[in-house]
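>>> Generate a structure from the sequence data that follows.
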Amino acid sequence: TMTSARTNAQIAESLATLTHLMARGDDPARDGEKRLDRFLKHKPSFFVGGFNPDGAVKWVEEVEIIFEAMECANENKLALGTYMLREEANQWWKNAKLRIGNGGVVITWEMFKREFFNKYFPADVKNKKIVEFMKLEQGDMSVAEYAAKFESLCAFSPHYNTPEAENDKCVKFESGLRPDIKHIIGFAEIRNFTTLVAKARICDEDGKAKSNYFKAVRGKSQDRAKPYEVKGRGSARGGKGKEKMDNDKCYRCGKIGHRSFECKKEKEVCYNCGKEGHKSRECKATTPTCYNCGEEGHKSPECKKPKKVTGKVFALNGGGADQVDNLIRGTCFIHDTPLIAIIDTGATHSFISMDCMKRLNIPVYEMSGCMNIETPASGSVITRLVCRNCPVSVFGRHFGMDLVCIPLSGIDVI
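Predicted structure coming up:
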């Protein structure tokens, strides 16, 4: 019937359309276009050639990352990768393709990479990278920066890129660390590279935190390090500045108007009785007194007792330090412990408080004789104790000092 004939014609037309669509779906050219569209959606960079070894390596790495994300088959990589070559690089590849494809040889992505690196990352550049890696040390870099540089250069040394070389890789990394970090983690003998980098980074950050803490402590102490600095420096030549200078008291003669280092009065000591304030020709004592031991009946040159060492210091307490000439308040360090210090330019020796010596458990020794310490405010202090070759750090400089032990209040070191 006519209805059946029309139905058969419609079925035949539908089958023809379906066959045509299926044929288009199997078109290799169309599949290639789809792959290229997927590839370009990842926005790969163009490579234009020129002498740029690092750029050449980074371009290949970038393209291969996209291949992996696309799950690209090996036979499709060459067409996609070389599509991104432009200018000089594109012309180079046209010539190279004719040469290596001669005789119908099928060119693969690995073959392309070999030719590409021979051209844009030659052997002499690679050898320089290997030498740079072998000489690499942390220096001023942070551990994070050092590790990134290490990994970047390690790629050019195939020996260190195998699982069997994990131990050698750790040894190489550890040997390039700064000594202050290496001596802390070296004894642990960490041979997992990821763990080693993490531990070294933590050690580096802890060290910086400690350094910043002590810098802050030193900064606070230096803010008050000049007790004689006149406030309002701009007006120091007149007005209040001159009034401040006029009120300065000399601790040698006791007079106002000048400071001790400007004093012209000589210290008078009687060598007959050993007392200050007059000379021996003015002495009224009938019996001589020994200036060394303090006993009557003989003079110091005839004294048979150990010679008494005489010292001088201008402050025995921190409270009055800001009112005394030649004193600078600051901070020093013994065994990394911050201590209150007074720099006394008029002192003849260096001193440490008894309390500080006991608190830090510093070894103490007894002198062969006693020392008489003269102060303007507290008279004389006698001691026989000394801390020998004590490690003292002041403003970043390190000294081995003999510190005489005396009672101090509000001060740790003079």
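>>> Spatially nearest residue to Ala79, not counting backbone neighbours?
Gly32 (7.1 Å; C-beta to C-beta, 6 or more residues apart in numbering). Just so you know, the C-beta spots here come from the backbone N, C-alpha and C atoms, and that holds for glycine as well.
>>> An error on my part: the question was meant for Phe39.
In this structure, Phe39 finds its nearest non-sequential neighbour in Leu80, 4.8 Å apart by C-beta to C-beta, 6+ apart.
>>> count of residues packed around that neighbour?
21 (other C-beta atoms under 10 Å).
>>> And Val48, by the same measure?
When neighbours are counted by other C-beta under 10 Å, Val48 registers 15.
>>> Asn212 too?
Using other C-beta under 10 Å, Asn212 has 10 neighbouring residues.
>>> For it, identify the helix or strand it belongs to.
helix 193-222 (DSSP states H and E).
>>> Export the one helix or strand Phe333 maps to to PDB, keeping only CA atoms.
Assigned by DSSP H and E, Phe333 belongs to strand 327-334. Provided in PDB are the C-alpha atoms of strand 327-334 (Å, rounded to 0.1, in the frame of the first residue of the first chain):
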ATOM      1  CA  LEU A 327      78.400  55.500  82.200                       C
ATOM      2  CA  ILE A 328      76.400  53.900  79.400                       C
ATOM      3  CA  ARG A 329      73.600  51.600  80.200                       C
ATOM      4  CA  GLY A 330      73.000  48.700  77.900                       C
ATOM      5  CA  THR A 331      72.700  44.900  77.500                       C
ATOM      6  CA  CYS A 332      75.300  42.200  77.300                       C
ATOM      7  CA  PHE A 333      75.000  38.500  77.000                       C
ATOM      8  CA  ILE A 334      76.700  35.600  78.900                       C
END
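>>> Would you indicate which residues of that strand are buried?
Across strand 327-334, burial judged by 16 or more other C-beta atoms under 10 Å covers Leu327, Ile328, Arg329, Gly330, Thr331, Cys332, Phe333, Ile334.
>>> From Thr108, how far off is the residue nearest to Ala79?
17 Å (C-beta to C-beta, to the nearest Å).
>>> same thing with Lys129?
From Lys129 over to Thr108 the distance is 26 Å, taken as C-beta to C-beta.
>>> Next SSE downstream of the strand holding Phe333?
Under the assignment DSSP H and E, the closest C-terminal helix or strand after strand 327-334 is strand 337-344.
>>> quick one, that next one and helix 193-222 angle?
Using axes from the mean of the first three to the mean of the last three C-alpha atoms, to 10 degrees, the direction of strand 337-344 lies 30 degrees away from that of helix 193-222.
>>> So which elements touch strand 337-344?
Applying 3 or more C-beta pairs under 8 Å, 6 or more residues apart in numbering; DSSP states H and E, we find strand 337-344 packed against helix 193-222, strand 327-334.
>>> Rebuild the ones you listed as JSON lines, extending it with mean pLDDT.
What follows is those, written out as JSON lines (pLDDT from 0 to 100):
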{"stretch": "helix 193-222", "mean pLDDT": "81"}
{"stretch": "strand 327-334", "mean pLDDT": "79"}
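>>> Which one of the ones you listed lies nearest to Ser45?
Closest to Ser45 of those, according to C-beta to C-beta: helix 193-222, at 29.0 Å.
>>> I'd like to know which elements the closest one is packed against.
helix 143-154, helix 166-175, helix 179-185, strand 327-334, strand 337-344.
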